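Colleague: next input, structure requested:
(2 chains)
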Amino acid sequence: MCPLKRRSFLSLSVNAVGAAITGAVLVPACIYAIHPALRKDESPLWNAIGSLDEYRLNVMHERIVELPAGWNPRQKLVFVWRPTDSEVVVFSRACTDLGCPINWDESSQCFYCPCHGGIFSKEGERMAGPPNRPLWRYATRTLDGALEIDLRSVPPMA
Amino acid sequence: MSNDGKIDDQMPPAEPQAASDTARMRKDSPLHNPWGWVKLRFGLGPILEHFIFHRVPKRVPWYFSAGEALLLLFFVLLGTGIFLALGYAPTPEDSHRSVESITLEQKLGWYIRGLHYWSAGLMVVLIVYHMLRQVLVGGYQPPKEGTWLVGVLLFCLTIITSVIGYTLRWDERALYGLTVALTMLNYIPVIGDELVRIVLGGEAFNDLTLRRLYALHVLFIPLFLCGAIFYHIYLVVLHGVTTYEERKRDDIDTAHEQIKLHERLTESEKTGQDFFPYQAVKVTTFGLGAFLTALLLTIFLGPPELYPPANFTEDSIPQEEWWLYWYSALIAYLPPSIAPAFYVLMPLCVVSLLILLPFLDEKGNRGARRRPLAVASVVAVIVSLVWLTGIRISSPWMSWPRGELAALPKGTQLTAGTSKGHVLFTQFGCINCHPLGERGSGVGPNLAGYKFRLSPSELENYVHSPPDGVAMPPYPGRRTPQELKSTVEFVLVTQTFTRKY
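Modeller: As a prediction, this is how the structure comes out:
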């Protein structure tokens, strides 16, 4: 009677089945792939980095931090500096330009980045090169003289 | 049986009534005409006709064949990559060791790895050449917009998979290479953190990170590339390359006009020919050149050096692949105010421009001689890439703690007092930034140069407390006045030798 109607019904059905199967596979697969971005834990992740007494006043200490299970590499280096008796500053080793590992130079009292010439002062302020912001500082707390840093207080790759 | 691409042997000619059934059957057997049988039963006729013996225009020079050379390199990468997978362990604990074992212990492993590495590098270079050449002749103009857009996708995938390939070595440079890429991604507003976590597979570098990169490098991207490459080739065969006539005439604007011209050119005996073997010879020449380059680089330079296993604790000087040197030089000179925007906008603008190109420049004029803007842009791009790469090789922006004594300008005579200053110059890190004479970092001014002459007291004051906005650490309390005096005396001595100016 009206072949076009039958034709469009059939093509609609075929397309719908195709789309449904594609969706049934791809949507869960994509969620599976991007789930690390969806699950965001804002609560602090405190990590012990020794006792406060280990750090002498006004000296830049390199400290190797043992990271939580599942993190890999299992260790990372941070810089710990006690400007005064009551203060402690923990710098991430990542240059704030592109994340290269900065190096502390005792002679000039500066941090040097090995990639594009970034230089930071002892306070973590940018002195030269493309970096746009001061060094990342971890949130810190002391519990009975033990120093802890919040691993979630710097960007994920820092 | 003929090789001219015409399907002349698929249908048996009509048999006379008298022919017996046996005779008819015999003619249809694989023994009677083996090639014809295979061709028909496996459907090779249409493939040969359309992709091997298809008609192409004459006067297509050898250097138009970068696409085919890229295809060859892609096959080399697939082949070597599949065999590398026999030895590679995609886990953070074992991957570095497995690459070491492939390179040093397994027979000819260095060869497979070297060929994979150099073919990938050459592929990046050739794909840029391939694209720039299309810009010169308007290779994206009607009806080839689709061909170009699929090509842009291929370009992006090639760059991404090349960068990921670098990280799979999982040595310290790989780890920092990945960190740099992630930091760039992190500059994207709003979703930066989320994108980084997707790549990492968690909130930081973790057990899954390398596995995800491995899956992308060996499964996701190669599968996409295979599909997109063959689609691209199908489009090139369908619409042809930008012919000499197309470039000579200025009345070829629309898709219809191009298609008509292309048909006329390829069908004529005078202006057209079979792809195989006439054009195939030129293609093979270019492909052979590309392969031999990769082969010679592999034999003489070998696979890339493997650095200590990935770690976030030891000192490391990260380095990008050589084909990204130019970008590194560009980054080093960015003022801090625009650096964050640049990392996001630069790739975005490049890809957007590539996508929009066919729509911005769709009107005729396909000959390079009548495309001054395209020629100027391509020349500017090539000159910039080479120039920036040259700057990157000497990296004059690098300041780095150096334990050694400063190299002195020729003719400098040191006394006992100034020798002490020479030592202090290193001890206080002056040498990290300031060159003396020709050698050393170029971050601070060259102190032995004529442009930096101050009196002893001026110099002492400057070092003691540098003016605001100068990237030099102040030294109060860290140097005795005597030490400061010796350092300054030493600097002044380096300025006293006779020179041309």
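Colleague: let me see the contact set for residue 83.
Modeller: By default, I'm working from chain A. Listed by Cβ atoms under 8 Å, 6 or more residues apart in numbering or on different chains, the contact partners of A:Pro83 are A:57-58, A:89. Any C-beta I mention is one placed from the backbone N, CA and C, and that applies to glycine too.
Colleague: chain B was what I was after
Modeller: Contacts of B:Phe83 were listed using Cβ under 8 Å, 6+ apart, and they are B:Ile112.
Colleague: what kind of secondary structure is it in?
Modeller: Secondary structure, DSSP: H, G, I helix; E, B strand; the rest coil: B:Phe83 is helix.
Colleague: please apply the same query to B:Gln273.
Modeller: With three-state DSSP as the basis, the three-state label of B:Gln273 is strand.
Colleague: in chain B, what residue is nearest chain A?
Modeller: Proximity to chain A, evaluated over chain B using Cβ to the nearest Cβ, is greatest for B:Gly429 at 2.8 Å.
Colleague: out of everything not next to it in sequence, what's closest to that residue?
Modeller: Nearest residue to B:Gly429, sequence neighbours excluded (Cβ to Cβ, 6 or more residues apart in numbering or on different chains): A:Ser108, at 2.8 Å.
Colleague: now do the SS call for B:Pro474.
Modeller: With three-state DSSP as the criterion, B:Pro474 reads coil.
Colleague: that one: what's it in contact with?
Modeller: Taking Cβ under 8 Å, 6+ apart as the criterion, B:Pro474 is in contact with B:464-466.
Colleague: so where do the strands sit in chain A?
Modeller: Ranges of strands in chain A, per DSSP state E, are A:46-51, A:60-66, A:75-81, A:89-92, A:103-105, A:110-112, A:119-120, A:126-128, A:139-143, A:146-150.
Colleague: which residues of the chain score low on pLDDT?
Modeller: No chain in the question, so chain A it is. Residue ranges of chain A with pLDDT under 70: A:1-3.
Colleague: wait, chain B
Modeller: In chain B (pLDDT under 70), the answer is B:1-19, B:364, B:437-440, B:450-452, B:496-501.
Colleague: domains of it?
Modeller: Split into domains by automatic domain parsing, chain B comes to B:51-394, B:416-494.
Colleague: what about residue 93, neighbour count?
Modeller: Chain wasn't specified; assuming chain A. 21 (other Cβ atoms under 10 Å in any protein chain shown).
Colleague: actually, chain B is the one I wanted.
Modeller: A count of nearby residues for B:Glu93, using other Cβ under 10 Å, gives 13.
Colleague: can you check the one 3 residues further on too?
Modeller: Using other Cβ under 10 Å, B:His96 is surrounded by 22 other residues.
Colleague: make sure it is actually in contact with B:Trp170.
Modeller: Yes - here B:His96 reaches B:Trp170: they are 4.8 Å apart, a contact under Cβ atoms under 8 Å.
Colleague: shared neighbours of the two, anything?
Modeller: B:309-310.
Colleague: before we move on, back to that, and A:Cys115, which of the domains of chain B is closest to it?
Modeller: Of all the domains of chain B, domain B:51-394 sits nearest to A:Cys115, with 6.0 Å by Cβ to Cβ.
Colleague: near the residue in chain A that chain B sits nearest to, how many other residues are there?
Modeller: As assessed by Cβ to the nearest Cβ, chain B sits closest to A:Ser108 within chain A, at 2.8 Å. As a burial measure, A:Ser108 scores 24 neighbours (other Cβ under 10 Å).
Colleague: what ranges do the strands span in chain B?
Modeller: B:55-57, B:272-274.
Colleague: not counting residues beside it along the chain, what's closest to B:Gln279?
Modeller: Nearest to B:Gln279 is B:Val56, by Cβ to Cβ, 6+ apart, at 5.2 Å.
Colleague: tally of neighbours for the one you found?
Modeller: Per other Cβ under 10 Å, the neighbour tally for B:Val56 reads 20.
Colleague: ok, now the one 5 residues further on?
Modeller: Residues within reach of B:Pro61, counting by other Cβ under 10 Å, total 9.
Colleague: quick one: it and B:Lys282 touch, right?
Modeller: Yes - counting by Cβ under 8 Å, B:Pro61 does reach B:Lys282; the two are 7.2 Å apart.
Colleague: shouldn't B:Leu473 be in contact with A:Met127?
Modeller: I think there's a mix-up here, since residue B:473 is Pro and not Leu. Yes - with contact defined as Cβ under 8 Å, B:Pro473 and A:Met127 form a contacting pair (7.2 Å).
Colleague: shared neighbours of these two, anything?
Modeller: Common neighbours of B:Pro473 and A:Met127 (Cβ under 8 Å, 6+ apart) are A:110, A:121.
Colleague: let's see stretch B:174-191 as PDB, backbone CA atoms only.
Modeller: Below are the C-alpha coordinates for stretch B:174-191, written out as PDB (Å, rounded to 0.1, in the frame of the first residue of the first chain):
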ATOM      1  CA  ALA B 174      60.500   8.900  30.000                       C
ATOM      2  CA  LEU B 175      58.900   9.700  33.300                       C
ATOM      3  CA  TYR B 176      59.700  13.400  33.100                       C
ATOM      4  CA  GLY B 177      58.700  13.500  29.500                       C
ATOM      5  CA  LEU B 178      55.300  12.300  30.600                       C
ATOM      6  CA  THR B 179      55.300  14.800  33.500                       C
ATOM      7  CA  VAL B 180      55.900  17.600  31.100                       C
ATOM      8  CA  ALA B 181      53.100  16.400  28.700                       C
ATOM      9  CA  LEU B 182      50.800  16.100  31.700                       C
ATOM     10  CA  THR B 183      51.700  19.500  33.000                       C
ATOM     11  CA  MET B 184      50.900  21.000  29.600                       C
ATOM     12  CA  LEU B 185      47.500  19.200  29.800                       C
ATOM     13  CA  ASN B 186      47.000  20.500  33.300                       C
ATOM     14  CA  TYR B 187      47.100  24.100  32.000                       C
ATOM     15  CA  ILE B 188      43.700  23.500  30.200                       C
ATOM     16  CA  PRO B 189      41.200  25.400  32.200                       C
ATOM     17  CA  VAL B 190      38.400  23.700  34.200                       C
ATOM     18  CA  ILE B 191      39.100  20.100  33.200                       C
END
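Colleague: any part of it near chain A?
Modeller: Yes - residues of stretch B:174-191 contacting chain A under Cβ under 8 Å from any Cβ of the partner chain: B:175-176, B:179-180, B:182-184, B:186, B:191.
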